[in-house]
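Chemist: build the 3D model from these lines:
(2 chains)
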Amino acid sequence: MKRAFLGEFEEIVLLTVAVLGESAYGVTVTQEIEQKTGRTVGFSTVHTTLQRLGEKGFLSSEMGGATAERGGRRKRFFTVTAAGRRALQEVKQVREELWGALPPQTLQLMGG
Amino acid sequence: MGQGAGVSREKPCPVLPAPCQKAMKPTHRHPPTWAQKLLEAFGDPNTLEEVQGDLLELYVHWVETVGERKARWRYVLSALKLLRPLAKRRSSEQYTAPFSFSPEMIRNYLKIAWRNLVLHKAFTAINIVGLAVGLATCLLIVLFVTHELSYDRYHAKADRIFRMTTYGLVSGKEIKTAYSGVPAGPTLVHDYAGVEATTRFDQAGTHIVKHNHDSFKEEHVAFADSNFFDVFSISLLKGNPKTVLIEPNTIVLTETSAKKYFGEQDPIGQTLTVGERGLFRVTGVCQDVPSNTHFHYDMFGSMRSIELRNTWLNSGVYTYIVLRPGYSIAELKSKIPELVRKHIGTEIQQLFGISLDEFYRKGDELGFVFQPITDIHLHSDLESEVEPNSDVKYIYIFSIIAVFILLVACINFMNLSTAGSAGRAKEVGIRKVLGSIQQQLIWQFLSESVLVTFMALLVAIGMVALVLPSYNQLSDKQFGITSLLTGWMLPGILLSCLLIGLLAGSYPAFFLSAFKPVSVLKGQIRAGFRSGWLRNTLVTTQFVVSIGMIIGTLVVYRQLHFIQNKKVGFDKDQVLVLHDSYTLGAKGKAFRDELAKLSQVVNATQAGYLPAGASNNANDGFQPDGGSDQSTIYREKTYYIDENYLPTLGIHLAQGRNFSKAFPSDSAAVLINEAAAKRFGWKTPVGHRLWSVGNGQGNRRLYTIVGVVKDFHFESMHQQIAPLVMYYGADNYQMALRIRTTDIPGLLKTLEQKWRAQSDNPFAYSFLNERFNRIYQSEQRVGQLFGIFAGLTVIISCLGLFGLAMFTAQQRTKEIGVRKVLGASVGSVVALLSKDFLKLVVVAIIIASPLAWYAMSRWLQDFAYKIDIEWWVFALAGFLAIAIALLTVSFQSIKAALMNPVKSLRSE
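Modeler: Below you'll find the predicted structure:
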């Protein structure tokens, strides 16, 4: 199977969903990213990314029960799929390999 | 990708996350409505719900963190970014059973249906041809029936126009005539406010119409009141509708006749010579009278051109009245006795010599009956109708036939589908295992049958187009293929086809889709056999219809044969009738004498009155002499004949003598027929005397009976031979010649030369036996149609039977193989396969015979002279049915029986 490419923002969103666990939906993901990264993120960007990840098969989603707030509208909860987890693992592995390949003196220069 | 691997999730956290809690605080601030609406309209429909919810939640959060203004700004920005105007709703990714009518499913139904039809070409062909023949027949009958039902409905005031007809009962004899007295119409308009208008017309026989040197015989000339075109919706193409028929000697032509006389010239202001009525000026041109009208005239002269006796009795014109909207005909009907008393009392006094009260006391009656104009064509059968009308009976008969034929064709379809179901039981099982729900299977099968129906419809329309010319000839109508496309016809046809398809497919659909997959796949259900009883019932029904139709055809043909060959009391062969001899005027007598001298002519007579075809008609009142003053008046038919009439027509005398020139007193002599002798109650009528009380006002004349002629059929066989009184005189309307020659063309040539020497009018003739046969034209037409329809029904039934036999043979291939290996002969195998079908046919004969007997004896009741339905008719029909069925089935049985068992046993 062709390895799906995972963009930087996609990686953050996917990770955030994984972090939030069972309460991952549009609003919480947006707020979590804002809080953790400190950058202002548009809801629309997050929404679009969530959709794209769903299409790539990294996220599955399910509608929650009806809520009294939000005008009675349901929330769409996201879960990381097995494929999503694998993709995250791979990204992490690539990073670690790269970090590991870094000569120690370079690492020191970077103030690590 | 393994996206289905998500763990099952519990409902959202019981402890709400922070944003949710904030949102619960009541807030009256809302994000901009227009942005909400925009999102609603153009957002991606697949994610709209959660996006709207998320944004609303975020908005509340933003209001609390960055203030309302910024929050609104952010909301609008996000909403705009989330617009996906081109997004379409995606079908749910979750696996749910698709909606049975989604376009995808319908496309799939049709695809599978098409594959199945192509796979079983023979069955499909049988199905389509059978159904197409049925549909084509139905379409033809529908064309006929709708045309018959449309008569006179096109008049704008059709619901308010009534024809005023006369009803009377004089001395026990009913008088029902289509016309009423000349003053009747105008009086009604004058006396009763509810009557808006009246129009009258009179048809005054045939006229030779001349323009310069062209002359034509016109049989359809009427003289009409000036408001004729106001009452009837026949549009005037040229001329002023208010004034065209006001002046005397003015005439309106139909488009066709205007072309005939004047070509491309403008006919207005031109003149025509109409018979002896003189010169007429053309004042208008109207459209041709629509075919669905109860009269078809080619010319309308003005009423004032002819003289009419202005009396209520002994005169008559066709009278139509228009009621005011809201005025009911019942109201007018209740006024009739008052009207009769006021206007007709004195005339009755004059005519019968008794007062109206005495007239009533004798049990006699006189009144008027109003017929809705739309009822005339199908429901009216009065004396002196404008044209012979049709009969609603035939509408019923043909509609029933149409339904039957369609039924038989549908049964074919159902039978073949259920029979084929064994082959498809496995398919149903697999489909069910793969998740089809019953509803989808039902629609699968229904779509197949609907597809077949529509293919059959296409074929049927082709067939209709092909046979339409001959059908028009047969039914005496002018239909084009476009008649099928006008008005509600097309949608009606399509809708009924859909219905037929659904109906015919319903049994197989529900039956097949109800299979249990497990038992089907285990092979426990042999579906083809389980539905046996139903198939048998259906086949029997088909044959009941077919056999009934065969019996009907036989009876109709026998009856036609009977009336055409029954001794009519005159010799109808070798009699030539010369038309329009009245145009010769005074020269007529000399012309007759001249013709009588010809060697090929045995005798000649001036015969205005003839027992077949166009003839004059007269009625007179008679009172036997010697009775009391109050003795009953009989109203009887009368003839005017000369001394050559009886020998020419071969009518025999029972008593007395013929008229003769040798007796000068014969001007006061009459001949009567045997029926009249019986009516007056005389054993030896010769010498008895009769008063003729024809015209009232002291016009009583005394006649002596000099002879009695044997009864002859001077009316159709529908009626008993009526009493007839024959005066001595001559009616010059036409001439009859008894001829004796084999060279008829030569004789005709001679006659034409002699005619041309006397007259410049067209030479026209006919043969008496042809005229006689034409009386029964409508019966002949019914006979022919019945025969054709019976043939079609049988063909369709046989197609079905053929398909079934084919199927059975296929089903039992193995069995036959085994039987043959064990030593069965070809004959025994054929018998085995044919036996089942023959049983059904025999049952059908038993059911059909009494039904057909009942129906046909009802039909025969219309004839005063009729055949008995004999047992052999049923035997013959049964024999025919068995023979046809056997032929159909044996083709397949023999094929199956001859098959080499090695082949049949080797399969699988």
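Chemist: can you map out the helices along chain A?
Modeler: Counting by DSSP state H, chain A forms helices over residues A:8-20, A:26-37, A:43-56, A:82-101, A:104-109, given from the N-terminal end onward.
Chemist: those helices: lowest mean pLDDT?
Modeler: Confidence, taken as mean pLDDT, is least for helix A:104-109 of the helices of chain A (a mean of 77).
Chemist: for that helix, which positions count as buried?
Modeler: Of the residues in helix A:104-109, none is buried under the neighbour-count criterion (16 or more other Cβ atoms under 10 Å in any protein chain shown). Where you see a C-beta, it was placed from the backbone N, CA and C, and this is true even at glycine.
Chemist: what helices or strands is it leaning on?
Modeler: Applying 3 or more Cβ pairs under 8 Å, 6 or more residues apart in numbering or on different chains; DSSP states H and E, one finds that helix A:104-109 contacts no other helix or strand.
Chemist: from residue B:622, how far out is residue B:685?
Modeler: When Cβ to Cβ, to the nearest Å is the yardstick, residue B:685 and residue B:622 sit 12 Å from each other.
Chemist: one step back: between the helices of chain A, which one is closest to residue B:122.
Modeler: Residue B:122 lies closest to helix A:43-56 among these, at 50.2 Å (Cβ to Cβ).
Chemist: which residues does the closest one contact?
Modeler: The set of residues that contact helix A:43-56 without belonging to it, under Cβ atoms under 8 Å, 6 or more residues apart in numbering or on different chains, is A:4, A:9-10, A:13-14, A:17, A:26-27, A:29-30, A:33, A:59-61, A:78, A:83-84, B:1, B:3, B:47, B:51, B:54-55, B:58, B:74, B:77-78, B:81-82.
Chemist: give the rounded mean pLDDT of stretch B:877-889.
Modeler: 88.
Chemist: please save the CA atoms from it in CSV.
Modeler: Once side chains and other backbone atoms are set aside, the C-alpha atoms of stretch B:877-889 remain, and they are given as CSV (Å, rounded to 0.1, in the frame of the first residue of the first chain):
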residue,chain,number,x,y,z
ALA,B,877,-65.6,-25.1,-30.5
GLY,B,878,-64.3,-27.6,-28.0
PHE,B,879,-62.9,-29.8,-30.7
LEU,B,880,-61.1,-26.8,-32.3
ALA,B,881,-59.7,-25.8,-28.9
ILE,B,882,-58.4,-29.2,-28.2
ALA,B,883,-56.9,-29.5,-31.7
ILE,B,884,-55.2,-26.2,-31.4
ALA,B,885,-53.9,-26.9,-28.0
LEU,B,886,-52.7,-30.3,-29.0
LEU,B,887,-50.9,-28.9,-32.0
THR,B,888,-49.2,-26.3,-29.9
VAL,B,889,-48.1,-28.6,-27.2
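Chemist: elements contacting the longest helix along chain B?
Modeler: Secondary structure of chain B per DSSP H: the longest helix is helix B:438-475. With contacts defined as 3+ Cβ pairs under 8 Å, 6+ apart, the secondary structure elements packing on helix B:438-475 are helix B:103-119, helix B:121-149, helix B:392-419, helix B:421-433, helix B:489-513, helix B:777-811.
Chemist: the helix or strand that comes right after the last one - contacts with which helices or strands?
Modeler: So that's helix B:777-811. In the C-terminal direction, the helix or strand that comes right after helix B:777-811 (DSSP states H and E) is helix B:813-821. When contacts are defined as 3+ Cβ pairs under 8 Å, 6+ apart, helix B:813-821 packs onto helix B:826-860, helix B:871-898, helix B:901-906.
Chemist: so which of the ones you listed comes closest to chain A?
Modeler: Each of the helices and strands packed on helix B:813-821 has some distance to chain A by Cβ to the nearest Cβ; the shortest is helix B:901-906, at 48.9 Å.
Chemist: the closest residue to residue B:649 other than its chain neighbours in helix, strand or coil?
Modeler: Ranked by Cβ to Cβ, 6 or more residues apart in numbering or on different chains and with sequence neighbours excluded, the top spatial neighbour of residue B:649 is residue B:570, at 4.6 Å. Three-state assignment for residue B:570 (DSSP: H, G, I helix; E, B strand; the rest coil): coil.
Chemist: residue B:570 reaches residue B:651, doesn't it?
Modeler: Yes. At 4.9 Å, residue B:570 and residue B:651 qualify as touching, with contact defined as Cβ atoms under 8 Å.
Chemist: now do the shared contacts for the two.
Modeler: Both residue B:570 and residue B:651 are contacted by residue B:712, under the criterion Cβ under 8 Å, 6+ apart.
Chemist: can you report how many residues neighbour the closest residue to residue B:806 other than its chain neighbours?
Modeler: Once its chain neighbours are removed from consideration, residue B:806 has its nearest residue in residue B:892; the separation is 5.0 Å (Cβ to Cβ, 6+ apart). For residue B:892, the number of neighbouring residues by other Cβ atoms under 10 Å in any protein chain shown comes to 22.
Chemist: residue B:892 contacts residue B:802, correct?
Modeler: Yes. In this structure residue B:892 lies within contact range of residue B:802 using Cβ under 8 Å: 7.0 Å.
Chemist: contact residues of chain A facing chain B?
Modeler: Taking Cβ under 8 Å from any Cβ of the partner chain as the contact definition, chain A meets chain B at A:1, A:22-23, A:25-28, A:30-31, A:42-45, A:47, A:51, A:54, A:56-57, A:59-60, A:62-65, A:67-71, A:73-77, A:79, A:81-83.
Chemist: hmm, try it at 7 Å
Modeler: When proximity is defined as Cβ under 7 Å from any Cβ of the partner chain, chain A approaches chain B at A:22-23, A:26-28, A:30-31, A:42-44, A:47, A:51, A:57, A:60, A:62, A:64-65, A:69-71, A:73-77, A:79, A:81-83.
Chemist: show the buried residues in the residues you listed.
Modeler: Among those, the ones that count as buried by 16+ other Cβ under 10 Å are A:23, A:26-28, A:30-31, A:43-44, A:47, A:51, A:57, A:60, A:64, A:69-70, A:73-77, A:79, A:81-83.
Chemist: I'd like to know how far residue B:329 sits from chain A.
Modeler: The spacing between residue B:329 and chain A, counted by Cβ to the nearest Cβ, to the nearest Å, is 66 Å.
Chemist: can you tell me the SS state at the closest residue to that residue other than its chain neighbours?
Modeler: In space, residue B:329 comes closest to residue B:370 once its chain neighbours are excluded; the distance is 5.3 Å by Cβ to Cβ, 6+ apart. Look at residue B:370: counting by three-state DSSP, its state is strand.
Chemist: quick one: residues contacting residue B:370.
Modeler: When contacts are counted by Cβ atoms under 7 Å, 6 or more residues apart in numbering or on different chains, residue B:370 is found next to B:162, B:164, B:329, B:332-333.
Chemist: any chance of those in JSON lines, plus pLDDT, secondary structure and neighbour count?
Modeler: Compiled in JSON lines, the contacts of residue B:370 are given as follows (pLDDT from 0 to 100; DSSP: H, G, I helix; E, B strand; the rest coil; neighbours: other Cβ atoms under 10 Å in any protein chain shown):
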{"residue": "B:162", "pLDDT": "94", "secondary structure": "strand", "neighbour count": "23"}
{"residue": "B:164", "pLDDT": "92", "secondary structure": "strand", "neighbour count": "25"}
{"residue": "B:329", "pLDDT": "90", "secondary structure": "helix", "neighbour count": "15"}
{"residue": "B:332", "pLDDT": "89", "secondary structure": "helix", "neighbour count": "20"}
{"residue": "B:333", "pLDDT": "90", "secondary structure": "helix", "neighbour count": "13"}
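Chemist: just those now: which is nearest residue B:194?
Modeler: Taking Cβ to Cβ as the measure, residue B:194 sits nearest to residue B:332 out of the contacts of residue B:370, at 6.2 Å.
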